[in-house]
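[1] Show me the folded form of this:
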Amino acid sequence: MAKRKTVFVCTSCGYRSGRWLGRCPSCGSWNSFTEEVEISRVTPTARGVLNFLSSGSQPLPITQAEEEVFVRFPSGIEVLDQALGGGLVKGQVILIGGEPGIGKSTLLLQLSHSLASEGKKVLYASGEESVNQIHLRAKRLKALNENIFVLSETVLEKIEEVTQEINPDILILDSVQTVFSAEIESSAGSVSQVREVTYRITELSKQSGAVSLIVGHVTKEGQIAGPKVLEHIVDTVLQFEGERGSFYRILKVVKNRFGPAGEVAVFKMTSFGLEEVPEPSAFFLSERNTERAGTVIFPYTEGTKPVLLEVQALVLPSVYSTPQRRSEGFNPNRLPIILAILEKEAKIFLRDKDVFVNIVGGMKVDEPGVDLAVALAITSSAKNKPIPPEVAVFGELGLTGEIRNVYFAKARVDEAKRFGFKRILVPKSVARELKDPDVEGFLHIGQLLEAVF
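    Numbering: from 1, shown residues only. Presented below is the predicted three-dimensional model:
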């Protein structure tokens with residue numbers, strides 16, 4: 001016997017309510033509730049004593065647990081393998097998100113060709129393009145291969161049926177928002193459908209050992225659309241970033257159960273598809289103008305491999321009564337705080353100036369270690385004095401002007417030295433620990449600015 005009831009689900013976090021709410025009490029999102037029809041099936045077991053299914057697992061001391069050996073294999077794209085921690089893992093489920101037109105489908109088609117060339121069987125299921133459209137794109141990318149099977153389908157049960165028939169090594173679903181299950185009444189793209197499709201694909205992948213790559217749409221804020229439970233279900237979350245008008249693309253590993261998170265892979269978009277960039281630091285530094293004020297190098301890292309990024313700032317007299325404060329790739333809420341610290345602790349008065357900050361290359365940096373680089377670039381532009389080209393800097397800036405330590409300090413210093421930077425400005429505690437003649441430590445922002453200028 002089935003029971004129907006109407007529920008309202010938050011599209012941002014998956015919170016459920018019996019009535020419509022203007023603001024989600026769980027995540028705080030406004031106007032995020034959508035109406036869905038839920039069908040619950042009541043069985044005799046559910047009415048009485050629940051019949052629990054058990055795998056027979058018993059508690060075991062952690063010291064007696066055996067180490068699981070993951071079976072990895074290369075994807076054929078070297079920078080992607082490095083970012084994933086050494087390659088793909090059998091049964092791995094990967095969720096990849098990015099803005100429309102950024103190159104997700106192009107990357108997956110090139111990945112399909114690389115794997116198919118190594119004898120892997122690939123099933124490319126698309127709910128957005130026809131088979132002919134995928135063929136045309138594959139022909140342009142020179143990615144035609146007999147081991148790539150293309151399916152244009154939006155019904156999940158049909159995709160599962162074909163997957164069981166073909167038994168592919170790689171399953172690509174493009175995208176999860178276009179596929180729906182006939183067992184659920186809500187439309188494709190709803191919270192219930194997206195969650196159900198992801199659960200079923202994950203279960204299928206774990207049973208068969210196939211690597212599944214699921215494309216997810218993003219919201220206007222750049223986050224993967226749908227409830228956060230999607231990112232908890234899958235093993236790996238990849239974020240494809242970059243400015244559409246630019247030729248570079250950055251693939252960031254947001255979550256990875258089989259390796260370190262925070263790694264990045266850099267690609268260059270060409271007329272023949274995506275091209276690997278093996279040295280991201282050299283790529284971001286290639287067009288730097290060291291003779292101009294307002295630019296400094298920041299060693300950025302979230303994973304094991306640092307990347308040297310250029311931080312730029314532009315300060316000029318404001319033509320409006322309220323000065324502009326804008327940033328690209330840097331937290332806009334952090335910018336006014338840094339300006340206040342510069343005014344209070346370093347006597348750099350910018351209250352009547354427009355201030356613009358940019359992280360070159362389309363990277364989005366959301367770590368405290370960039371504070372010092374932003375402050376130094378702003379001061380350089382305000383004073384119109386270039387920073388010496390051999391200087392690199394990192395550190396968190398406190399509200400009283402103190403310079404605080406950040407993680408992976410030695411890895412950042414090593415990357416900067418590898419590219420010839422002779423003065424690396426860091427928190428005092430880092431300099432004491434490393435005892436390197438090229439590393440200069442500072443306790444306060446005022447001391448650092450005095451040493452540079």
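
[2] Select the longest helix from the protein.
    helix 191-208 (DSSP state H).

[3] can you pull the buried residues of that helix?
    191-198, 200-202, 204-205, 208 (16 or more other CB atoms under 10 Å). Using the backbone N, CA and C atoms, a C-beta is placed for each residue, glycine as well.

[4] Does it pack against any helices or strands, and if so which?
    Applying 3 or more CB pairs under 8 Å, 6 or more residues apart in numbering; DSSP states H and E, one finds that helix 191-208 contacts strand 2-10, strand 33-41, strand 93-98, helix 156-166, strand 170-174, strand 211-216, helix 229-233.

[5] Nearest to Q58 among the buried residues of helix 191-208?
    For the buried residues of helix 191-208, the minimum distance to Q58 (CB to CB) is 25.2 Å, reached by T202.

[6] and for the longest helix of the chain, what are the contacting residues?
    Applying CB atoms under 8 Å, 6 or more residues apart in numbering, the contact partners of helix 191-208 are 9-11, 14, 34, 36, 38, 91-93, 95, 156, 160, 163, 167, 171, 173, 176-177, 179-181, 183-184, 186-187, 210-212, 214, 225-227, 229-230, 233-234.

[7] Now which of those would you call buried?
    In the contacts of helix 191-208, the ones that pass as buried (16+ other CB under 10 Å) are 9-11, 14, 34, 36, 91-93, 95, 156, 163, 171, 173, 176-177, 179-181, 184, 186, 210-212, 214, 225-227, 230, 233-234.

[8] what about this protein, any weak spots by pLDDT?
    Applying pLDDT under 70 to the chain flags residues 1-4, 37-57, 220-222, 225-227, 244-245, 303.

[9] Can you pull the domain assignment for it?
    Annotated domains of the chain cover 2-46, 72-278, 283-452 [automatic domain parsing].

[10] returning to what we had before: nearest to Y320, of the helices and strands packed on helix 191-208?
    Of the helices and strands packed on helix 191-208, nearest to Y320 by CB to CB is strand 93-98, at 34.6 Å.

[11] Run through who's touching the closest one.
    Taking CB under 8 Å, 6+ apart as the rule, strand 93-98 contacts 104, 107-108, 176, 198, 201-202, 205-206, 211-218, 223-225, 230-231, 233-241.

[12] And the next helix or strand after that strand, what does it pack against?
    Remark: after strand 93-98, the chain's next helix or strand is helix 104-117, criterion DSSP states H and E. With contacts taken as 3+ CB pairs under 8 Å, 6+ apart, helix 104-117 sits against strand 93-98, strand 122-126, helix 131-140, strand 148-152, strand 170-174, strand 211-216, strand 273-277.

[13] Assign A411 to helix, strand or coil.
    Secondary structure assignment for A411 (DSSP: H, G, I helix; E, B strand; the rest coil): helix.

[14] Quick check: buried residues in the helix or strand containing A451?
    Counting by DSSP H and E, the element that carries A451 is helix 445-452. Across helix 445-452, burial judged by 16+ other CB under 10 Å covers I445, Q447, L448, L449, V452.

[15] could the residues you listed be laid out in CSV, adding distance to L314?
    Output for the buried residues of helix 445-452, formatted as CSV (distance: CB to CB, whole Å):
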residue, distance to L314
I445, 20
Q447, 25
L448, 21
L449, 18
V452, 18
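
[16] Now the helices and strands packed on helix 104-117 in TSV, please, with extra columns for distance to F284.
    As requested, those are exported to TSV (distance: least, CB to CB, whole Å):
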stretch	distance to F284
strand 93-98	20
strand 122-126	32
helix 131-140	28
strand 148-152	34
strand 170-174	30
strand 211-216	27
strand 273-277	9
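
[17] who wins for proximity to D81 among these?
    Taking the helices and strands packed on helix 104-117 one by one with CB to CB, strand 273-277 is closest: 10.5 Å.

[18] quick revisit: which strands or helices does the helix holding A451 pack on?
    Using 3+ CB pairs under 8 Å, 6+ apart, helix 445-452 is in contact with helix 335-346, helix 371-383, strand 423-427, strand 439-442.

[19] could I get the ones you listed as TSV with distance to L314?
    Conversion of the helices and strands packed on helix 445-452 to TSV gives the following (distance: least, CB to CB, whole Å):
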stretch	distance to L314
helix 335-346	12
helix 371-383	6
strand 423-427	21
strand 439-442	25
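
[20] hey, where'd the strands end up in the stretch 251-400 of the chain?
    Counting by DSSP state E, counting those that start in this stretch, residue ranges of the strands within the stretch 251-400 of the chain are 264-270, 273-277, 295-300, 307-317, 325-328, 353-359, 391-393, 396-397.

[21] Could you tell me which residues within the longest one count as buried?
    Of the residues in strand 307-317, those scored as buried under the neighbour-count criterion (16+ other CB under 10 Å) are V307, L308, L309, E310, V311, Q312, A313, L314, V315.

[22] Kindly report the same for the fifth one.
    Using 16+ other CB under 10 Å as the burial criterion, the residues of strand 325-328 that qualify are R325, S327.

[23] how distant is that strand from the center of its chain?
    Here the centre of strand 325-328 is set off from its chain's centre by 21 Å, with CA atoms, centre = their mean, to the nearest Å.

[24] ditto for the first one
    Between the mean C-alpha point of strand 264-270 and the mean C-alpha point of its chain there is a distance of 14 Å (CA atoms, centre = their mean).

[25] try the fourth one
    The chain centre lies 22 Å from the centre of strand 307-317; the measure is CA atoms, centre = their mean.

[26] ok, it: who's next to it in the sheet?
    When sheet partners are counted by DSSP bridges, strand 307-317 sits next to strand 295-300 (antiparallel), strand 353-359 (antiparallel).

[27] what's the answer for the fifth one, then?
    For strand 325-328, the paired strands and their directions (DSSP bridges) read strand 353-359 (parallel).

[28] now swap in the second one and tell me
    Strand 273-277 has its sheet partners listed here by DSSP bridges as strand 264-270 (antiparallel).

[29] got the angle for the partner strand vs helix 104-117?
    Counting by axes from the mean of the first three to the mean of the last three CA atoms, to 10 degrees, strand 264-270 lies at 100 degrees to helix 104-117.
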